[in-house]
Structures are given as C-alpha cells and as structure tokens.
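> got a predicted structure here, sequence first:
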Amino acid sequence: MRRIEIFFDTAQQMAQNFKSHSTIKSFKILNTDENFIIAINEPKGLLAIYNTKEVKLDIFSFYDNRSRLYARNANIQLLQWYNNIIPNIKYFLFIKDTEELCFVENSGRARIFNLMNLQFRPAFCNFPRNLVNVLSSTDGSCIMAFAKEKPDEFNSIISTDNIEQRDYNNDIKEINRVYVYFSKNFVSAGKVIDLPLNFKSLEFLQISCINNRQTHLISLDLQNGRLNSLLVKITLEQAQFRFQKCMQKKSLASQRTKLNDLVNVYKLMFEKYPIDSCIDPKQNRPLSLKIVLDIEDNNIEDYGEKFNEYITGMFDNLKYYTNKPTSMLKKFSASVITFKELDVEDTNFQKKFSSEYQLGEWIIQLCCLIPIQIAITRNNLFQPLKDGLSSNENYLIELKDGHHLDIISKNISFGWYEGIFKHFGSKKVKVVSSMGEQSCGKSFMLNHLVGTTFDGSAMHCTEGVWMSLVNTQEYIYVALDFEGLKSLERTPQEDMFLALFNTVVSNLILLKDISTMFQKFQDGAKLFESDPKIFQARLCVIIKDVPKVDRDDIIRVFQSKFDRLVSEEGEDNFITKMYGSGLDIIPWPVFGDIAWFKKLSFVNKKLEKQKVKYENAITFLQDIKVIMAKLKICDWDSLDESLIQIRIATLKKLLPTAISYGLERKDSVTKLLLDHDTGKPIEDPKTDLSDILNNFDSTELLPDANIHLYDEYVSFVQLSEDLREYFDEIVQSQEETSDEIKWYENFGKFLNYIIERRISRVRKWYAQNTAKLPQDNSNVINGKYEMEQKLDKLALLWTLCGLTCQQCHLKCIKNFNHEDDHDCLTNHKCNFPCQFVEAHNKKLIPKCIHKAGHEGKHICKKIKHLCNEPCDLIGKRNCQEVCSKEIGHPDGKHLCQSTRHYCGVSCSLSTHTVKGDYRCPNKCIKSYEKPHSSHRCENGTCPIQCSILNCQRKCQSNDHFHSYSGFLYVDHFCGNEHHCHELCEDDGICKVVIEPKKQLQEPFTKYIQLSERLRCSKKIPPNESKHIGKHTHNENGFHFCEAQCQFCGYFCTLPYGHEQLHNTRHGFDSNMMQIKFSEDDEDNISEYTRVDGQRKFTLCNMHCKNLGRHRHIDYCQDEVICKSENQRHDIKHIDEQIQPNPDRPKDFISHKLFWERTGFKDPYPEQQDFAEFDNDRHTITCLNLK
C-alpha cells in the first residue's frame, strides 16, 4: 500500500518550510494504492480521490474552521455508470465552487457527476481530438478544454453579429485553441478561441482570479523559462453569440465598426476623473490632439472639420450631463494631417506639433496617476503592505535586538512613490483622506478635490487603504482613499483600525458617513495617547444630497448632536481629543448639480488654511510608516517616543560604520552621513596641509569619508598602513628626514587631525539627527553616551605609543595599548650616509651601518674609520655593538657611541587592580653601570586603566609607580565624569516594550508587552567610584504600575502606586470567545458552540462590542453561598460541568462584575447597555477561562 501525505498551509508558509528543509508535519495521511487521481475544490474545501483501477470515488471535506479533514463520501462505486467496463479516465477535475466533478475519458467523452445526488448527468460532451489540458473557471460557470490543432482541422467557428475580419495567418502550422463548455448547458462548445502565439505550452496551465474581479489564464513555459498571462472575460449571456459554419482561415475576433475610440477616451476619462484642478489652477494646461490619417491631401480639411465638430459636440455633451467645470476644455485643440506630412525628424514639424516637457517631471506625473495599496485589514489585524503586496514577517522572530517597530516600519514600502517622495524630499506635505460607507462616492469626491485617479464604482471596489499624490509648486498633496465602512467583509475592529489610521495621518478628512461615525472614532480615541502632534486633523462631515432650502436645518440638527456629545463626555469626547483643527458640518448639494462641484472650492479653502503637519516628504515617509507599524503591533504609546526610539536605534545601527568609514553604508552601495530629517549630507570640509602643520606647502588633504579608521578584527598596524604610506608620500618621508623627533611629532599631529575630524563629523551627524528630540530623553542620553564610548575607543586606538622600538632607536608607532614588542614599522636601518666623507675620495658615499635613530656619528663598513672592535657591553639594550674610539686607542676598554647602556630587566611595576592583575611589559632604562633595586621603564605615567567599568582610558597620574604610593589600595581614575552602569532601583516599571510571539499553526505574529529595567541616568563624579543616592533612570521620572490585564497582558498605564482602578489601552486577547449553549436540551448546558467566527486577534475592548445585554462565565468564588442562593443578583451558579477545567465550579456573571473582578477599568463606553444581567441561556455568553 502506498500512502498520500497532505500538507495544508498558506502557499507562502509552505514554500518557506520546504525551502528551509525543516521537519514538516503532514496535515492528513491516507492509505491507497498507486492507481489514483486527485481533484481539489478550494472554495468548497473538498478533496476527491478517484481510484482508476477499482473505479471508485472518495470525497473528503474540511470542517468549518479547516482544522481537520474528514471523510464525507467514502467508497462511491462508479463502475455501473460505465456499463461495468473500466473507463480510461484521462482528466478528473472539480467544477469550481460547485459540488460536481467532471470525468474526461481518453476518447474525449466528458461526463459530470453530482455529489449531492451521487449521479451522473444524462448528457455528455465530446471534447476535441488532441486534447492537452482541461480546466474549470474559478466561478464554475464553464469548463475549458485545450487542444493543439492544425488550421485545416478546424471547420467551425463562432462569430458575433459583426463582420468577421479576414486576416488569419496562413503560415501557422499549429494552433492552440480553447473550447469553452458552459456548465449549465453541457452539450457542445459554446465558444472556441484561438490562443495567442506565445501560449505554446498548454501542459502547465492555471486559471486564477484576482480579487474576484479579474480572471487570468496563466501558462508556465518551462522550455523558454517564461510565465504568460492572458486576461479572460467570461460572459454568461449566451444569447449575444450565434453559432454557424464558416469558411476556414478567419479570425475569431470581432471587427470594430467605429474608429473613434482613441478620441472617445477623453470623454470617458473626464466623465470619471476631474477636468480642472481644484487645488492648483496652474496645472490647468490646454490639451491638444494630433490626428494622423492615411488619406489623400485634398480631403484633409474636410476630416479636420469633422473631427473638430465631433470633439466639440462630445465635450458639450459631457458638460451638459456632468455639470463639471470645463475651462480647460475650452482651449482644447485638434489638428489632422496625413501620413505624407508626418516627418518627426523634420525641424519645422517638431516646432509645429511637439510639446516640451521635462522628462523626469513628466515620468513622475505619469507614475502619480497610478494609486498604490498601502494597507489592508484582515483577521481583525491592520496589515501594512510592501510595494502593494503582503510581506513575510517571519524574519522578525529571528531578530533579537528588540527594535521590532523599526524593523517593521523599514519593511513597509510604497513602491514607485518611495523614489518620488525622496525626489521631493524638502517639500511640505499635506494629507487629504476620504472615508464613508460603501458606495457613497468617496473616491469620486477625493479625485475631484485633489486631482487623483482612484477607481470608483457602485460596487465594493476599494479594499484597505490606497495612496496617490499630487505635486504642486508649494506642497505635495497625499491622497488616501479608504475602504467603505460597515462592509459585510469587515469587522467593527477592522473598521476601527482604518478610522484610527485615517485620523492619525491626515490633515483633512472627508467623512461621508454620519451614522457610524461616533462609534468608530470613539473606540479609536481610547487607544493612542492624546498626542497633539498626531491628532491635528480637521474633520469635514459631508451630508450628501441636501437641497439648498434644507441646509440650515441640517447644520442645526447635527450641531445639536455634537454639542450634546461634547457636553455628555466632557474633556474625554473624541472630537476634542482627535481633531485638533476642529470639525465642519458641510451639507453637500445633490449629485449632478453644478453646485456639487463648486462646493469643492469651499473645502479647498479649508485645506489651504490647515497647518502643515509634515515639514517635508522625508518626515512624512518616516512618520506614516511608524504609525502603520504601531497599528500592526498594537503599540499605543506616544508617537514621539516611538520616533525617538527608532531614530536612536537607527543611529546606533549606523554608528559602527560612521566611526569606521565616515559613512552610513559601506558595501555594494556607498551612502554618506546624512541628516535624516532633510536628506542632506553632513559636511565634509576641505583642509589644506598648511592648516595643521607649520612650514608645509598648501596641499589639499584627502576627505574624511571612506578613510578606514576602526575595525575590531584588524590590527592597528594593518589599519594604519594606508595613512602611514599617505603621510610618507604626500607629507613627509621618514627616510629622508634628518630629525626623527620632528617627524614623529608631525605624524602625530597629522593622525590627531584625521581622528579629530572623524570624531567631529560623527558628533555633528548625531547632533543634527537628534536636534529635534528632547535632550533629556533617556534614549537620547544613552545613545549619545554609547557614541562617546565608541569615539573614545577610536581616539585611544590612534594614540601612538611613542616608546623606543625594540629593534632600533626610533619611536614605536603602534597604538599605545599594544601588548607585543615596540616597533617603529620601518626596516630599522639608518638611512643616512657615512659622515667620513673625505675618506671616500668623493666617491659614492655608502650608508650608515648602525640602527635607525642611533647616537653619535654615521659610520659605514666600506672603510675602517674607527676602532670597530666589539663593544665591551654588547648585548645590553641601546648598545651599538662596535667600538667608536679611534683606531689603536691606548686604553683597552672598547665602548660604542651610546651614552647609556640600559639595564634591560623587566620593569618592577606589578600590581593587582579591580580589572585584574597588571604587569608592566617594558624594560628598565636605568644605566646598567649604576646599581639599582627598582627597575623603571621609559614610560613615566601610570599605565593602568581607569577602574570604572567599561572605561578604557589610562590613569591620570604622572607617576609610573602610582600603585606603590603607600596605601593598601590605590584607586586609578582617568579624571573624567562617567555614566553609571547599574539598573534603576525605583519601584514600578521603567519601560514597556512590545515583542513578537509566534503563534503555532498561525500565519500571523502576535505581539505582547514585556517590562524592561532601564539603566541609571546619574553620572559618577570625577575621581569617584559611585554617585550619591540610589540608582534611577530619571530623577522624579514616571514609573508604570506593575499590574497586567489578565487577558491581553498589557500593563496598566497609570503611575506606580496609583489609588484608582487599573487602566490600560488593551491589546489582543486570543482566549476570549463568544459562545451559545445548545437549545436542544434544556437540562444540559455543558455543550456550547462558538459564534464569533473563531477570530483569535480581537482587542479586549472589542469582544463585547454590539452585544448589548450579555453575560460572562467565571470560576465560582464561593460555592457555599451560591448553592444557598444568597449570591449577588448578577451571579447565577452553573450546576453542570463546563470546559475548561470541568471539575472547577463556575458562575454566570454580569459584564460589569466581570471587569470589576479584573481590577481594571471597564473599557466599554456602553455602560448603560451592559449594566443589566442577561440570564437567558440562549443569549451570547463570553467565555475567557484558562
């Protein structure tokens, strides 16, 4: 027996699992032999397996929640339907969205089997010869049979009532055709279509429907590595076709009877979209149409008159029926020429007929005509999109740096608009949006106000949020078109997310829905903090189709409603909280009236008076993405605080590259240090060599950007090599200098300048990117501290050692903290010529044989100028090895030119510090000849690191033996102020963070709140090991209450130690569900069914929404009182056992008591509706027990 393993998940998740080669658990395992065919019906959740050997059929179906697959119809015997002869079934498929199966035999005979009555239809079809594939349309209306045929095999086509075109290609040897059989009349082909020539491969075909609107036939051409798509339109009204025998070699396409479509497109466009610009009259430029005809010259004037007459009549008709302002059409011009006159290369022709545009600006305007979808709401979640498509969020779980909001916002992208926003980075931005009920003309009004091209329809055509923009000389107007509220496809929570996003990002909101406005916006008002920066919108309530005589009454009625709402809710009313720029009630004229379009100018004046919310396009791009990310993860904290955290996190992420290279990015793409608020680069000033070194020519030094100055994985010797070579080549050669001390001094100044310049630019970069942030914010302070720590490391790394080289007498130019031998990084040879010039008789003077930097005269080895016998102290440090006395000197003591021979014993400094044991690695430089008990190296200062944690500076003492100052314990301090590294000790929670938590078997990620202790913000005074007082992250700073909502886990937002009820802005509660008990058995209420659609992502404050009087289930707190029936009036004991934990007794309780027991404030405003205890067993019951 073979077995079938069935895997069930989203295509995206499935592909990722198989790609990662991880162990994937199968959804269902079925045992069968190898003779089977499978058919799947996704819309119905059906799986059919046909056994070709036993001629039997098994049907499997999903449960409603698609958690399990069960056998619906097993062992259906089909042999009797084929006269007990085993059929040769070649194709086997579901008719999509139905419960019918189509069986296609190898001979071409096709039959339909109904799963409801388990019978075949009486009629059957004969599919064509050379059958290659059979598919069902996505709606089940027809079956398509694909065949490869020769032209002479085809003697029957279908035509419309129009005249057939006679342009069939005689050279085609094989034609790919599709025979369309309508399911309702499954007898013969209802239509036959020739497929395009690029549809060569028919074996790998798929019919797909996009958003229930567009049906595509998709072909995968494996041979050529190509994916082809063909838009298919299925028309069910078959009466418009007639079937007849026709001659061969005729195209199936219908012929046009009119050739005016290219002219009529102007009318069609202006009927749907605006003609004159309302917000920018400067864009009302006259249009011109050039028509080229293949006619004789003597008829051209007649055609010109006809076209002008036709166009004039077309626009007059347009104005009459729409009443739109048409000033731009008054200057519309049309001209007609012949093909003979068409000479685009002719200069005169170009001057007469061409228009001049800036190509880049024209392309941008063209791109702005295409809106992009930026967000959707599904499964009770707000889901931002990446370039108009859903993005994979599994990468979030793998990242552990905690900056999830930043990661999500950077994964949001607006497609081609990203480049447009960056191109107009310095322009101010105003956001206009439109909301309302479905099919109330939202998109049409927004288009005619701003000049966008959102699609509009009497049907549901807008899903989620779509964005477009209009560029004017002063502003960028961003237009957001929102999905209609109260849609059957959307939950109240999804509507609330859309309304909240709209309110937060917009300058001006056109609301064409008054009936549900209060509820939608009131829910959102309780979530985000009252942040004046984001709640600046002006709300324009549009009351549509109001006659002129009723306008004053309408305004008065709605004004009284708003006044009543504000007076009842006081300072908590959502209008004051969410609409800082106020509210307007605008009665709108009847559609089609000329006043309808004139009213737009009134709204435009409101828009002009609105203060700019976004200083530039870059700021808008940053803010809107962060807002979308916050809505996605239900982060209700201040937007300002989130922007601060993201900005600091971004700077921290870029900081290593900024310090190392003076750039923000150094890989395949180089990115300069930028001011992220304006997009402008940080200045990299030019400097001359004469500005930093005296007596040097005015030579321009290399710029700071791209100099590699820091790398933890590269030694200082390698890191400094390029700068040493640059200094030797451009500034001063070490080999040619006569003053080694001066060279070392100049080299040190040069390096100091290079490092200080880098430090200055990085500090300026950080300062400019945090200039608009509060400087006392803990994130800003900690970010600056981290920067300074890294800059200190850079400065210390490039502090030269300066001690004597181990192999010669030059200074060591490694960094001061190196642990290996001192090295001047030269060849250690003296490069000067012999000083005994006369002895060489003006011949080529040889070089000195001594080591570089030696004392005394330069001597060669060509001629014996001095004694040259071995020095008596050879082997001692600083010895030049040969006697420098005259030849034949009378005393028998040979000494070299060195004035002192060093002792060479290891330095005596050895001590224990808070950072571990320390032993000086240098050698004693006291005279070998003088007896001494304490050995001292040439380093005069204390070399031990500062005792404060993470400080890498050296002790400030100038006494090398500072540790031996006579005290039992000696503190080593650098003399600077230090940041405390301890955690805050205050009671309460310092910071609440949002973290992702992957849900098993779920395609979405749930976000939870966690508490975090912040680092102490106090500073340790110089020469002290700790500060005064306890550790705190902010003096008199806010600390959150430690209480958490037991359902969503969100922390109380009130200060620690508050006296009132806990309160929070809730998150998702995946445990709460709405249930109904069985109505069949009055005595048994242990069985219940779920009635809330199995939604797992519902906010705590949305579960009981719109339920009215209802009840909750809770564990019984006093079973004795309940059984004696002395409990409260809003408690009823449950005698039966109910899941979960059936052994624990439970009660029905009221909504009010349910929230009282949590200790949290009831988040629902409908207190009057929820006050009564509904004890009807058939009512909705909320269950949330663990």
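That came through, no problem. Bear in mind the structure is a predicted one, so any value in this text is a computation, not a measurement.
> and L527, that's in a helix?
No - applying DSSP: H, G, I helix; E, B strand; the rest coil, one finds L527 to be coil, outside a helix.
> show me what contacts it?
L500, W636, R1065 (C-beta atoms under 8 Å, 6 or more residues apart in numbering). All C-beta atoms are positioned from the backbone trio N, CA, C, and that covers glycine.
> would you map the strands across the stretch 301-450 of the chain?
For the stretch 301-450 of the chain, the strands defined by DSSP state E, counting those that start in this stretch cover 333-338, 372-378, 381-384, 428-436.
> what are the contacting residues of stretch 294-307?
Contacts for stretch 294-307 (C-beta under 8 Å, 6+ apart): V263, I291, L293, A334, S335, V336, I337, T338, F339, K340.
> rewinding a little: which of the contacts of L527 sits closest to K915?
W636 (44.4 Å; C-beta to C-beta).
> dump the residue contacts of the closest one.
L527, F528, E529, K630, R1065.
> hmm, try it at 10 Å
Residues in contact with W636 (C-beta atoms under 10 Å, 6 or more residues apart in numbering) are K526, L527, F528, E529, K630, I994, Y1050, T1053, T1064, R1065, H1066, G1067.
> JSON lines please, covering those and showing pLDDT.
Formatted as JSON lines, the contacts of W636 follow (pLDDT from 0 to 100):
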{"residue": "K526", "pLDDT": "70"}
{"residue": "L527", "pLDDT": "76"}
{"residue": "F528", "pLDDT": "73"}
{"residue": "E529", "pLDDT": "65"}
{"residue": "K630", "pLDDT": "91"}
{"residue": "I994", "pLDDT": "86"}
{"residue": "Y1050", "pLDDT": "91"}
{"residue": "T1053", "pLDDT": "90"}
{"residue": "T1064", "pLDDT": "89"}
{"residue": "R1065", "pLDDT": "88"}
{"residue": "H1066", "pLDDT": "88"}
{"residue": "G1067", "pLDDT": "87"}
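> and the furthest pair within those residues?
Distance extremes for these: the farthest pair is K526 and I994 at 18.3 Å, using C-beta to C-beta.
> more neighbours, the two?
More crowded of K526 and I994, by other C-beta atoms under 10 Å: I994, with 22 against 17.
> residues contacting the more buried one?
Going by C-beta under 10 Å, 6+ apart, I994 touches 402, 404-405, 408, 629-630, 633-637, 642, 1007-1010, 1050, 1067.
> in helices, which of these appear?
Of the contacts of I994, the ones assigned to helices by DSSP state H are H404, L405, I408, A629, K630, I633, S642.
> what number of residues are in the vicinity of S638?
16.
> picking that back up, now, among the contacts of L527, which is nearest to I874?
Comparing the contacts of L527 against I874 with C-beta to C-beta picks out W636 as the nearest, at 80.4 Å.
> how far away is that closest one from R378?
W636 sits 21 Å away from R378, taking C-beta to C-beta, to the nearest Å as the criterion.
> residues in contact with S908?
R919, C920, C924, H932, S933, S934, H935, R936, C937, H960, F961, Y964.
> and which of these is nearest to I741?
C937 (19.3 Å).
> tell me the pLDDT of T23.
With respect to pLDDT, T23 scores 62.
> count the residues that sit near T826.
For T826, using other C-beta under 10 Å, the count is 17.
> mind starting the numbering at 22 from now?
In the new count, where the first residue is 22, that last one comes out as T847.
> I figured it hits Q755, correct?
Yes - taking C-beta atoms under 10 Å as the definition, T847 is a contact partner of Q755 at 6.5 Å.
> next, the buried residues of the lengthiest helix in the chain.
Ranked by number of residues, the top helix in the chain under DSSP H is helix 761-790. Buried residues in helix 761-790, defined by neighbour count with 16 or more other C-beta atoms under 10 Å: 764-765, 767-769, 771-772, 774-776, 778-780, 782-783, 786-787, 789-790.
> then stretch 239-257?
S240, N249, L251, V253.
> hmm, which two among the contacts of S929 are most spread apart?
The widest separation within these (C-beta to C-beta) is 18.8 Å, between R940 and H953.
> same drill for those two, tell me which one is more crowded.
H953 (13 against 10).
> ok, that one - contacts?
C924, V926, S929, C945, K947.
> which of the residues you listed count as buried?
Using 16+ other C-beta under 10 Å, the buried ones in the contacts of H953 are C924, S929, C945, K947.
> looking at those, which are in strands?
Within the buried ones among the contacts of H953, no residue falls in strands by DSSP state E.
> Throw the residues you listed into CSV and include distance to P964, thanks.
Listed next are the buried ones among the contacts of H953 as CSV, based on distance: C-beta to C-beta, whole Å:
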residue, distance to P964
C924, 19
S929, 13
C945, 15
K947, 18
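> and these, which is closest to I107?
Ranked by distance to I107 (C-beta to C-beta), those are led by S929 at 102.8 Å.
> what's the pLDDT at that closest one?
With respect to pLDDT, S929 has a value of 90.
> what subset of the contacts of I1015 is buried?
425-426, 429, 650-651, 654-658, 663, 1028-1030, 1071, 1088.
> so for stretch 741-756, mean pLDDT?
88.
> hang on, I meant stretch 464-473
Stretch 464-473 comes out at a mean pLDDT of 89.
> and that stretch, how far out from the chain middle?
Taking C-alpha atoms, centre = their mean, to the nearest Å, one finds the center of stretch 464-473 at 28 Å from the center of the full chain.
> what sits against H1079?
Counting by C-beta under 10 Å, 6+ apart, the residues that H1079 touches are F1061, C1062, A1064, C1073.
> N206 touches A144, doesn't it?
Yes - taking contacts as C-beta under 10 Å, N206 lies within contact range of A144: 8.8 Å.
> I834 against R745, yeah?
Yes - counting by C-beta under 10 Å, I834 touches R745, with 7.5 Å between them.
> gap between the residue located most distally from the centre of the chain and H886?
Distance to the chain centre peaks in the chain at P911, reaching 88.8 Å (criterion: C-alpha atoms, centre = their mean). Distance, P911 to H886, by C-beta to C-beta: 18 Å.
> check H1087 too.
H1087 sits at a distance of 95 Å from H886 (criterion: C-beta to C-beta).
> who's more crowded, those two?
H1087 (23 against 18).
> ok, the closest residue to that one other than its chain neighbours - contacts?
The spatially closest residue to H1087, leaving aside those adjacent along the chain, is C1121, at 3.6 Å (C-beta to C-beta, 6 or more residues apart in numbering). Taking C-beta under 10 Å, 6+ apart, we find C1121 in contact with 1066-1071, 1085-1090, 1093, 1176, 1179, 1181, 1184-1185, 1205.
> how about a cut-off of 7 Å?
For C1121, the contact set (C-beta atoms under 7 Å, 6 or more residues apart in numbering) comprises C1066, F1068, C1069, H1087, D1090, P1184.
> quick revisit: which among the contacts of stretch 315-328 end up buried?
V284, L314, A355, V357, I358, T359.
> surely D605 meets I564?
No - using C-beta atoms under 7 Å, D605 is not in contact with I564; the gap is 10.9 Å.
> which ones are touching the most centrally placed residue in the chain?
In the chain, the centroid-proximal residue (C-alpha atoms, centre = their mean) is N432; its distance is 1.5 Å. Shown in contact with N432 (C-beta under 7 Å, 6+ apart): K407, S412.
> also F167?
V153, N154, V199, L223, L226.
> so what strands line up beside the host helix or strand of it?
Using DSSP states H and E, F167 falls within strand 163-170. Paired neighbours of strand 163-170 in the sheet (DSSP bridges): strand 152-157 (antiparallel), strand 196-203 (antiparallel).
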